[in-house]
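Chemist: Can you look at this prediction? I've put the sequence above it.
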Amino acid sequence: MTLFKYAYNILLQMDTFAKDPVTSGNKNVIVTENKNDMISIIFNEFSKIVQDSQSLVTVGLSGGSMVGIMSDVISRLDQSLKDKLRLFCVDERLVSLDDEDSNTGAYLKVLGNEFKKQFVIVEEINDANKAAKEFEENLKALKPETTESLPQFDVLFLGMGPDGHTCSLFPNHELLNYNGSSWILPIENSPKPPPRRVTVSLPVCNAAKNVIFIVTGESKAEILKEIIADKSESYPAGLVKATKLKWILDKPAAKLLGIEAAKF
Ligand SMILES: O=C1O[C@H](COP(=O)(O)O)[C@@H](O)[C@H](O)[C@H]1O
């Protein structure tokens, strides 16, 4: 890349980071032209949530393809905003932190170990019931606001798998019927490996103050259309009904929705 093009790209980034995008149609479904636009839109949404909070901000993060995107967003925040974050993975695979399947481990690899004190880490990896209890106690120690004994986390950034799963809530799995007051549920038979995991419950997703789905890739386009356009409730991601719910999508994921990409 020439020096001129490099400088031009930096200026372009500074420009998009300062503005809100112009979107067409449904304001809760934002299609992004490219990765830079996606990062800047998430950054703007996230900064507002963190700035508006007078206290610590509880942030749940999906793993998988979201790690690269959200690590980039988090690392761009001012230090004063970063310091307010209390982070946790909305679902965790029960493997050691240095295993390549660990969601938390994947974030720490990109963000650096200085973030370790801000992450809720699940140490138990052999017993899913014990791990769920440990995770829940650690989350309770953050003292999020609650409603009917469920936490109102400030924001959950959720991914969606090509089968429509979100967190470790898989299609047709019994955990989808859970309607109790436990925040974290164990799962021993995840259809996607590794099988032993812990996950926030569907009621916890729905009690969050903000839920922002971030979905990328053409393999998710058909199910996204069913969830967003046809309002299908056949997939776990389509069962999340938080009051403030947004979808931030790349163009391949949104290709069947007929929504124009946001412009700056
Ligand atoms: O197993 C998981 O998969 C989903 C989706 O991952 P993606 O790579 O298709 O985006 C992820 O949201 C979840 O946190 C993770 O544990």
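Modeler: Alright, I've got the coordinates.
Chemist: can you tell if stretch 174-182 touches the ligand?
Modeler: No: Stretch 174-182 lies out of reach of the ligand by C-beta under 6 Å from any ligand atom, never closer than 13.5 Å. Any C-beta I mention is one placed from the backbone N, CA and C, and that applies to glycine too.
Chemist: Show the model's pLDDT score for Lys27.
Modeler: On pLDDT, Lys27 comes in at 84.
Chemist: Quick check: the nearest residue to Pro21 once chain neighbours are set aside vs the ligand, distance?
Modeler: For Pro21, ignoring the flanking residues on the chain, the nearest one in space by C-beta to C-beta, 6 or more residues apart in numbering is Ala262 at 3.6 Å. Counting by C-beta to the nearest ligand atom, to the nearest Å, the gap from Ala262 to the ligand is 21 Å.
Chemist: Near whatever residue of the stretch 51-200 of the chain ends up closest to the ligand, how many other residues are there?
Modeler: With C-beta to the nearest ligand atom as the measure, Gly64 is the residue of the stretch 51-200 of the chain nearest to the ligand, at 2.5 Å. As a burial measure, Gly64 scores 13 neighbours (other C-beta atoms under 10 Å).
Chemist: Could you pull up the contacting residues of it?
Modeler: 103, 159, 161 (C-beta atoms under 8 Å, 6 or more residues apart in numbering).
Chemist: From Asp91, how far out is it?
Modeler: 10 Å (C-beta to C-beta, to the nearest Å).
Chemist: do Phe43 as well
Modeler: Counting by C-beta to C-beta - Phe43 and Asp91 are separated by 24 Å.
Chemist: So which of those two has more stuff around it?
Modeler: Regarding Phe43 and Asp91, a neighbour count based on other C-beta under 10 Å identifies Asp91 as having more, with 27 against 17.
Chemist: re earlier: so of the contacts of Gly64, which ones are in helices?
Modeler: Judged by DSSP state H, the contacts of Gly64 include Asn103 as members of helices.
Chemist: Now, of the contacts of Gly64, which are buried?
Modeler: 103, 159, 161 (16 or more other C-beta atoms under 10 Å).
Chemist: can you pull the alpha-carbon coordinates of stretch 110-122 into CSV?
Modeler: Provided in CSV are the C-alpha atoms of stretch 110-122 (Å, rounded to 0.1, in the frame of the first residue of the first chain):
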residue,chain,number,x,y,z
VAL,A,110,-5.8,-10.5,21.7
LEU,A,111,-6.5,-8.0,24.4
GLY,A,112,-3.5,-8.9,26.5
ASN,A,113,-3.3,-10.2,30.1
GLU,A,114,-3.7,-6.8,31.6
PHE,A,115,-7.5,-7.4,30.9
LYS,A,116,-7.5,-10.5,33.1
LYS,A,117,-8.5,-8.7,36.2
GLN,A,118,-11.6,-7.3,34.4
PHE,A,119,-12.7,-10.7,33.1
VAL,A,120,-14.9,-13.1,35.0
ILE,A,121,-13.0,-16.4,34.6
VAL,A,122,-14.4,-19.9,35.2
